[in-house]
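In: coordinates only, sequence not included:
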C-alpha cells in the first residue's frame, strides 16, 4: 500500500484561536452553594476580590499574598480542610498567580467535596485555560514548537473539557516523529471530546492514534489503534485500508484480503487511493519486471524485449495463472475499476489494470484501457508495450507491430518518478532518457494537472535540452491549484 502521509494529514490541522470568555481578572463569586462563614475563608474571599478590583500593582500583590496566607491557615489550622469553599477560592488564587497545576489540584478537591459546583468549576477552568492555550497557538504559528508544547501542557493541566489542546500536542509530537507521545495525546483528546459538538475531533483523534504508528512503521502498535477505531466506526474505508496495509506488511495476506474485499463492498464511499491500495494488495505488481528493466541502467533493451516482459507472457504461464490465482486478480480489477471511476487519469492504476486484464484474458477491456494509458503517458516505452500487448492478445499482428515500431523509433523516453498532490497544488519529478547513441535534439513536453473530473487545473511546459548519448535529464515541476489528483502530458509541437 502507498500509505497516505498520515502525519502530514495530521499536520495540516488548522490552528484557530479561541475567544476568551469573561476576563479572568474580573471578580465573580461562586455560582454554587459554598459556605464562606468561617472568618479565614471569608477573609480569603475579600482579599481575592480586592486583588482583582484594584488598579495598583503593589496592592494587588499584597492582597494576593494575604489571600494565600489566610486560605492556607484555614485549611491547615482552621479546621476547614473539608470545606469546599476553602479549596475553591484557593484554586482561584492559584490561577491568578498563574499556577495552573496548583489550581487544578485545588479545584479537584473542591469538586470532590461539592459535586454541585462542577459546572461552575468547569467554567473557571476554561477561563484560565483560554489565554494559556492561545499562547501555545501563537508560539506554534511563530515556529516556536518548544514554547507551544509547554503552553499546551500548562493549558491542559487546568482544563480538559475540550480536545484542542490535546490534539495540538498530538500533532506537534507527530511532526517531531515521536509516535508514543503523539498517540498519548490523541488518546487523551478522545474523552475530552465527549460533547457532541466535538464529534469530528473525537473521530479524527481516535483515527490518528493508529496513523502515527502506521507512519512510524510500528505495525504491532498500529493494529490495535485501527481496531479500536473500527470498533467505533466500522464502515470507515480509509481505516479498513490502513489496517489491511498493516496486515500486508506483517505478512497476513488473508486478513488483508478480507479487509480489501470489505472495501469493495463500500466502494461508493471509498477514496480512489484506498481502492488502488486494495487492488495492489490483492496482486503482485503486474509488469514490475518490465518497469524495472526500463530504468537507466537497462536502457539498452529494445522495446520488443520490454514487450516480451510486459505483455508477451508465454501461453503456458498464462494457462497456469488462469487456473490458479486469477480469481484474486479479478478482485483486484474490480478495485482498480472502482478507483479509476473516481480518478480516471491515475497512471499507475491504468498501467496495472491493463496488465491485470491481459493476464486474465479480458480481450474486450484491455485495448481501450491501454489506449487510455498511452494517452496519459505517450513517451514511455512500457506504456507503448502495454498497448502492443493489448493488440497482440486480440490477434492483431499489424497493430502490434505498429506500436512496437513507434516505440523503437523514439529518441527520448519520459519517466515520471514522483507525484505528490496536496491541498494547494502538486509536485512532479521525473527523468528524460536519451535512448540513442548520439546526442538528442532539444524538445519540450507540456504537463497537464487534472482533477477527478479530468478537468485541467494547471499546465506547465517542461523544456528538454539536448541530452548526451545514452544520458539522462532530471526535471521537477511544481504547480498550484486545488483538487489536483493526476497528471498527463503531450509532446510539444515543433
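Out: Thanks, I have the structure now. It should be emphasised that the depicted structure is a prediction, and the values quoted were computed from it without experimental measurement.

In: need the helices for the stretch 51-200 of the chain, in chain order.
Out: 57-76, 84-96, 100-113, 118-141, 145-158, 164-175, 179-192, 199-215 (DSSP state H, counting those that start in this stretch).

In: the last one: what's the following helix or strand?
Out: I take that to be helix 199-215. Under the assignment DSSP states H and E, the closest C-terminal helix or strand after helix 199-215 is helix 219-232.

In: minimum distance to residue 247: which of the helices of the stretch 51-200 of the chain has it?
Out: With Cβ to Cβ as the criterion, residue 247 lies closest to helix 199-215 of these, at 11.5 Å. To be clear about C-beta, it is placed using only N, CA and C from the backbone, and glycine gets the same treatment.

In: quick one: mean pLDDT over stretch 438-445.
Out: Averaged across stretch 438-445, pLDDT comes to 94.

In: show the end-to-end separation of that stretch, please.
Out: Looking at stretch 438-445, the gap from its leading to its trailing residue is 21 Å under the measure Cα to Cα, to the nearest Å.

In: list the contacts of it.
Out: 379, 411-412, 414, 434, 461-469, 489-492 (Cβ atoms under 8 Å, 6 or more residues apart in numbering).

In: repeat that with 6 Å
Out: The set of residues external to stretch 438-445 that reach it, using Cβ atoms under 6 Å, 6 or more residues apart in numbering, is 411-412, 434, 461-469, 489, 491-492.

In: that stretch: which residues count as buried?
Out: For stretch 438-445, burial by neighbour count (16 or more other Cβ atoms under 10 Å) applies to 440, 443, 445.

In: same check on stretch 424-431?
Out: In stretch 424-431, residues buried by neighbour count (16+ other Cβ under 10 Å) are 425-426, 428, 430.

In: ok, of those, which one's closest to residue 140?
Out: Taking Cβ to Cβ as the measure, residue 140 sits nearest to residue 425 out of the buried residues of stretch 424-431, at 23.7 Å.

In: contacts only, for the closest one.
Out: Residues in contact with residue 425 (Cβ under 6 Å, 6+ apart) are 479-481.

In: could you redo the last one with a cut-off of 8 Å?
Out: 449, 458, 478-482, 484.

In: for these, which single residue is the most surrounded?
Out: In terms of neighbours by other Cβ atoms under 10 Å, the contacts of residue 425 top out with residue 449 at 26 neighbours.

In: that one contacts residue 456, correct?
Out: Yes. At 7.2 Å, residue 449 counts as touching residue 456 under the criterion of Cβ atoms under 8 Å.

In: which of the contacts of stretch 438-445 sits closest to residue 272?
Out: When the contacts of stretch 438-445 are compared for distance to residue 272 (Cβ to Cβ), residue 489 comes out closest, at 20.2 Å.

In: now do the SS call for residue 468.
Out: Per DSSP: H, G, I helix; E, B strand; the rest coil, the local secondary structure of residue 468 is coil.

In: distance of the closest residue to it other than its chain neighbours relative to residue 96?
Out: Closest residue in space to residue 468, ignoring its immediate chain neighbours: residue 439 at 5.6 Å, by Cβ to Cβ, 6 or more residues apart in numbering. Plainly put, residue 439 is 78 Å away from residue 96 if you go by Cβ to Cβ, to the nearest Å.

In: kindly confirm my reading that residue 431 is in a strand.
Out: Yes. Secondary structure assignment places residue 431 in a strand (three-state DSSP).

In: who touches it in this structure?
Out: Taking Cβ under 8 Å, 6+ apart as the test, what residue 431 contacts is 296, 414-415, 417, 472-475.

In: now those: which count as buried?
Out: Burial by neighbour count, judged by 16+ other Cβ under 10 Å, picks out 414-415, 472-473, 475 from the contacts of residue 431.

In: want to try JSON lines for the helices of the stretch 51-200 of the chain, with mean neighbour count as columns?
Out: Listed next are the helices of the stretch 51-200 of the chain as JSON lines, based on neighbours: other Cβ atoms under 10 Å:
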{"stretch": "helix 57-76", "mean neighbour count": "17"}
{"stretch": "helix 84-96", "mean neighbour count": "26"}
{"stretch": "helix 100-113", "mean neighbour count": "19"}
{"stretch": "helix 118-141", "mean neighbour count": "19"}
{"stretch": "helix 145-158", "mean neighbour count": "20"}
{"stretch": "helix 164-175", "mean neighbour count": "24"}
{"stretch": "helix 179-192", "mean neighbour count": "21"}
{"stretch": "helix 199-215", "mean neighbour count": "22"}
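
In: so where's this protein shaky on pLDDT?
Out: Along the chain, segments meeting pLDDT under 70 span 1-25, 281-328, 493-494.
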